[in-house]
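Participant: from the sequence below, what's the structure:
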Amino acid sequence: MFIGRHQELAWLQEGWEAKKPQFRILYGRRRVGKSRLIDHFAEQTRKIVYQAVEGTVSDQLRDLTEAVLACEDNPVLRAAPFANWAQALATFTSMAQSGPLLVVLDEYQYAAEADHTLASLLQRWWSRDVEGLPIYLILCGSYIRFFVQNVLTGPAYGRNTGSWQLMPLGYRQAAGFFPDWSHEDQLRAYAVIGGVPHYALQFDPSMSLAWNITNNVLRRGSVLYQEAELLVREELREPRIYFSILRAISDGCTRLNDIEQRVGARGLQQYLRNLEGLGLAAYRAPVLGKSRRGVWTITDPYLRFWFRFVLPHKVQLDHGASPERVFREAVAPYLDQFVSKPTFEEVCQSWVIAGANAGTLPEATQVGAWWGPVPRPKPDNPLNKAEGEIEAVAAHGNRLSLAGEAKWTIEPVGFGVLNHLRETVVHVPGATEDTPLYLFGRDFDPNLEVSAKAEGVRLIRVGDLYQPDALD
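Facilitator: Numbering: from 1, shown residues only. Presented below is the predicted three-dimensional model:
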């Protein structure tokens, strides 16, 4: 099953149809679906697809030889594998003489780390030998830091014809793994495992969401039970510190000083930026607000769920506690509260972005949330202020172009939410009396529906978020 990735496939196909040699770079975190994307794209092409593994250069060259022979028989290579990378590159050149050739060096970082001359050899070969040949070279890999530091800015800089960081699927595409589930459970599943295809494939769509969380996240020995630890260890040096940072954020320490106090270390700004570069954490500031009010948040839904529900019970689970009991007592009562913030808010923001891009919603140069001080006078303190928040806002330049409350509640959304939105939006910089108002929720009070229709306030249910739109 192959789901989504329409833009990425179009980008790859564009390179294949180009009238000149192409040198492209595709990278992204482990498990995000890079190899599956390449395989799907390359089905109808003449191709050499080589996936490097950790090992010696001679082992890697033997594997590369097999990949070449899978594309085209070569008596010389059947007699003896490649002796070096220079011979391999010369073979690519020779094969391209007879027609278009796709060459994919997957997990390129392993080959480059084993042979430190490979990057320079590739650069020299590309500059001198491939001009005019129908060669489409793709370097692919999962070590983001390596690609940023050694490929995008290394010898390939200025020579590649395009690069793409593959990101997890959006919530609508991820729902394709569970086509028979309700939209509410599709969104809950997204809050649990996010949009990494490998994570979604661990779930059984014929079983319930509760069964899948119990057996595929909370049960010792399942892939997702330990994936969070493996991800941190594999992607980052000093995993102990990064793990503590993520745990601190999960526990509510969202300001730099609070994180440093919790971790017990100073100078963690660069660590946080590294997590941001991997797409695991991000610094969020209010739209049309002051950046100094920003907070750090875990951006990967699976990591959020793991740190919130798995880690606190891992010792018990490791020693035989029942996953069913942990789910029943520690997860189920709080799952919708967990979905509500921030996953539902982020999904609503994604819907706004898609609508703005498609032209069905007001223009937006920035989409996110807004928070800041709003007047809340008290009898003994008429100047009192409280923290106000609007979960989904869009700005076009310095103008607030949309404001919406996102409430994932059991009870239907009522007039109290709309009144709160009206009272708060006037304090957002750039707001006007014409700023469109939106309410997002699972259901709405019937009286509110009548009033909202009359006043032009748009109500968006969960099902509306999954209607065909620009997110495809």
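
Participant: low-confidence ranges in the protein?
Facilitator: 156-157, 291, 469-472 (pLDDT under 70).

Participant: same thing but 80
Facilitator: Within the chain, the segments meeting pLDDT under 80 span 1, 154-158, 235, 289-292, 382-383, 468-472.

Participant: for the most centrally placed residue in it, give me its contacts.
Facilitator: Of all residues in the chain, the one closest to the mean position by Cα atoms, centre = their mean is P168, 3.6 Å from it. Residues in contact with P168 (Cβ atoms under 8 Å, 6 or more residues apart in numbering) are 32, 174, 194-196, 279, 300. Backbone N, C-alpha and C define where each C-beta goes, glycine included.

Participant: strands along the protein, start to end?
Facilitator: Chain-ordered strands for the chain, with DSSP state E as the definition, fall at 22-27, 47-51, 101-106, 135-141, 162-165, 281-284, 295-298, 366-375, 385-396, 399-407, 437-441, 458-461.

Participant: other SSEs contacting the second one?
Facilitator: Based on contacts counted as 3 or more Cβ pairs under 8 Å, 6 or more residues apart in numbering; DSSP states H and E, the elements that strand 47-51 packs against are helix 34-41, helix 57-71, strand 101-106.

Participant: which non-adjacent residue is nearest the residue nearest to the centre of the chain?
Facilitator: Of all residues not flanking P168 in the chain, G195 sits nearest, at 3.5 Å (Cβ to Cβ, 6 or more residues apart in numbering).

Participant: distance of the one you found relative to W85?
Facilitator: Separation of G195 from W85 (Cβ to Cβ, to the nearest Å) stands at 36 Å.

Participant: quick one, which of these two is more surrounded?
Facilitator: More neighbours surround G195 than the other of G195 and W85, with 24 against 19 (other Cβ atoms under 10 Å).

Participant: so the more buried one sits right up against Q173, yeah?
Facilitator: Yes - judged on Cβ atoms under 8 Å, G195 makes contact with Q173 at a distance of 6.8 Å.

Participant: how about the helices and strands packed on strand 47-51, which one is nearest G372?
Facilitator: Counting by Cβ to Cβ, G372 lies closest to helix 34-41 out of the helices and strands packed on strand 47-51; the figure is 39.9 Å.

Participant: mind listing what's buried in that closest one?
Facilitator: Using 16 or more other Cβ atoms under 10 Å as the test for burial, helix 34-41 gives 34-38, 41.

Participant: now, among those residues, which is nearest to L268?
Facilitator: When those are compared for distance to L268, the smallest value, 29.7 Å, is given by K34; criterion: Cβ to Cβ.

Participant: re earlier: the residue nearest to P168 and S250: what is the separation?
Facilitator: According to Cβ to Cβ, G195 stands 19 Å off from S250.

Participant: where do the helices of the stretch 251-400 of the chain begin and end?
Facilitator: Applying DSSP state H, counting those that start in this stretch to the stretch 251-400 of the chain gives helices spanning 256-263, 269-277, 301-305, 314-318, 323-326, 335-338, 345-358.

Participant: for the fourth one, packing partners?
Facilitator: Applying 3+ Cβ pairs under 8 Å, 6+ apart, we find helix 314-318 packed against helix 323-326.

Participant: chain center to the helix it packs on, what's the gap?
Facilitator: For helix 323-326, the gap between its own C-alpha mean and the chain's C-alpha mean amounts to 29 Å (Cα atoms, centre = their mean, to the nearest Å).

Participant: pull out the buried positions in it.
Facilitator: For helix 323-326, burial by neighbour count (16+ other Cβ under 10 Å) applies to 323, 326.

Participant: mind listing residues that contact that helix?
Facilitator: By Cβ under 8 Å, 6+ apart, the surrounding residues in contact with helix 323-326 are 214-215, 218-220, 313, 316-317.

Participant: can you say which of those residues are buried?
Facilitator: Going by neighbour count (16+ other Cβ under 10 Å), the contacts of helix 323-326 have 214-215, 218-219, 313, 317 buried.

Participant: which stretch among the helices of the stretch 251-400 of the chain comes nearest P286?
Facilitator: Between P286 and these, the shortest separation by Cβ to Cβ is 12.7 Å, and it involves helix 345-358.

Participant: tell me the angle the closest one makes with strand 366-375.
Facilitator: Orientation check (axes from the mean of the first three to the mean of the last three Cα atoms, to 10 degrees): helix 345-358 against strand 366-375 gives 120 degrees.

Participant: which other helices and strands does helix 345-358 contact?
Facilitator: strand 366-375, strand 385-396, strand 399-407, helix 462-465.

Participant: hmm, who's touching that helix?
Facilitator: Applying Cβ under 8 Å, 6+ apart, the contact partners of helix 345-358 are 170-171, 187, 190, 361-364, 367-369, 391-392, 394, 402, 404, 406, 440, 460, 465, 469-471.

Participant: which among these count as buried?
Facilitator: Buried residues within these, counting neighbours by 16+ other Cβ under 10 Å: 170-171, 187, 190, 361-362, 364, 367-369, 391-392, 394, 402, 404, 406, 440, 460, 465, 469, 471.

Participant: picking up where we left off before, now, the most widely separated pair of the buried ones among the contacts of helix 323-326?
Facilitator: Taking Cβ to Cβ, the two most distant members of the buried ones among the contacts of helix 323-326 are N215 and H313; they sit 15.1 Å apart.

Participant: surely E234 meets R30?
Facilitator: Yes - using Cβ under 8 Å, E234 makes contact with R30 at a distance of 6.5 Å.

Participant: just to revisit the earlier point, closest one of the buried ones among the contacts of helix 323-326 to D258?
Facilitator: When the buried ones among the contacts of helix 323-326 are compared for distance to D258 (Cβ to Cβ), H313 wins out at 24.2 Å.

Participant: contact partners for the closest one?
Facilitator: By Cβ under 8 Å, 6+ apart, the residues touching H313 are 218, 321, 326, 330.

Participant: distance to F444 added to the residues you listed, as TSV?
Facilitator: As requested, the contacts of H313 are arranged in TSV below (distance: Cβ to Cβ, whole Å):
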residue	distance to F444
L218	34
A321	40
V326	34
A330	31
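
Participant: if we can go back for a sec, closest one to G264 among the strands of the chain?
Facilitator: Taking Cβ to Cβ as the measure, the strands of the chain were each checked against G264, and strand 295-298 came out nearest at 16.8 Å.

Participant: can you tell me how far T299 sits from G279?
Facilitator: Taking Cβ to Cβ as the measure, T299 and G279 are separated by 6 Å.
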